[in-house]
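Visitor: pasting the sequence and the predicted model now:
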Amino acid sequence: MGLFQRAEEIVFKWRKVVNESRPRCLQDIHLDRTPSNLSITRSVYKERRRVAKEDARRKKRAAKRVKQEGKTHFKEMCKKIDDLFDGTITYKEYLDLEDEEFHAAHEELVQQISDNVKRVKAKVDRAKEGVSKGCDKAAEITQRTAEKAVEKVQRVAEEMERRKQKRERRRIAKEEKEAKYLMDIEFWNREIEKGRLNEDHGMRRNGTRRSGIVASNMSSMLKIHSKPSWREITIGV
């Protein structure tokens, strides 16, 4: 018994090495399922392998039976539905109609989505147009504001120039008036001097009475046309 078990172990190890040297798709999967201690005999291994094959065949038959039952059930259901339609339409035709309705509903949904996309795009275009118009209007308002500011600056500059010219004209007129006033004073001073000379000459010729009247007139004239001070000239102007 010991020799047989030892031989089984050697054979199993050799088979395992050969199995691992094969490609993955050609390896024996049952060798991996065997315990590594190799404590089972050849008969037990064969029995387990037979049971595994029986389980696989049983599962395959069960799957085939379920598939066949599903087909039978589908046929029976189609027959029952055909009976419900009283022979006017078959279940396949009903499914075709459902497909047509589905396609029609799908096309309608696609059309609605397309219309919604077009409507949203139109709204976006209108919004862009509004923004563009708003930007144009803002630019126009900014331009008008800048033009008004430039015009205002020009008006202020013109007003300042006008006031400057007015002050210059006033200064020139004041100087001319002052010069004329000084010339008048000099003229009247000369006239007074001439009058005094004439008065002295008349006193010598006509006596004191006439000379006194002329002297009083000349003195009053001298008081009226005497040279004023600079402050009086400035206030008078």
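Guide: Yep, that arrived.
Visitor: tell me how this protein divides into domains.
Guide: By the record's domain assignment, the chain is partitioned as 2-84, 175-236 (automatic domain parsing).
Visitor: for the ones you listed, which has the smallest mean pLDDT value?
Guide: The stretch with the lowest mean pLDDT among the domains of the chain is domain 175-236, at a mean of 65.
Visitor: elements contacting the longest helix anywhere in the chain?
Guide: Of all the elements of type helix in the chain, the one with the most residues (DSSP state H) is helix 91-206. Contacting helix 91-206 under the criterion 3 or more C-beta pairs under 8 Å, 6 or more residues apart in numbering; DSSP states H and E are the following elements: helix 42-84, helix 208-224. Bear in mind the C-beta positions are built from the backbone N, C-alpha and C, glycine included.
Visitor: could you figure out how far the first one is turned away from helix 91-206?
Guide: Okay, so that is helix 42-84. Direction vectors for helix 42-84 and helix 91-206, defined by axes from the mean of the first three to the mean of the last three C-alpha atoms, to 10 degrees, enclose an angle of 80 degrees.
Visitor: give the buried residues for stretch 147-157.
Guide: For stretch 147-157, the neighbour count (16 or more other C-beta atoms under 10 Å) marks no residue as buried.
Visitor: tell me the mean pLDDT for that stretch?
Guide: Throughout stretch 147-157, pLDDT has a mean value of 88.
Visitor: CA-only coordinates of it in PDB, if you can.
Guide: What follows is stretch 147-157, C-alpha atoms only, in PDB (Å, rounded to 0.1, in the frame of the first residue of the first chain):
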ATOM      1  CA  GLU A 147     -17.600 114.900 -27.500                       C
ATOM      2  CA  LYS A 148     -19.600 117.000 -25.000                       C
ATOM      3  CA  ALA A 149     -16.600 117.000 -22.700                       C
ATOM      4  CA  VAL A 150     -14.400 118.200 -25.500                       C
ATOM      5  CA  GLU A 151     -16.900 120.900 -26.500                       C
ATOM      6  CA  LYS A 152     -17.200 122.000 -22.800                       C
ATOM      7  CA  VAL A 153     -13.400 122.200 -22.600                       C
ATOM      8  CA  GLN A 154     -13.300 124.200 -25.800                       C
ATOM      9  CA  ARG A 155     -16.000 126.500 -24.500                       C
ATOM     10  CA  VAL A 156     -14.100 127.000 -21.200                       C
ATOM     11  CA  ALA A 157     -10.900 127.700 -23.100                       C
END
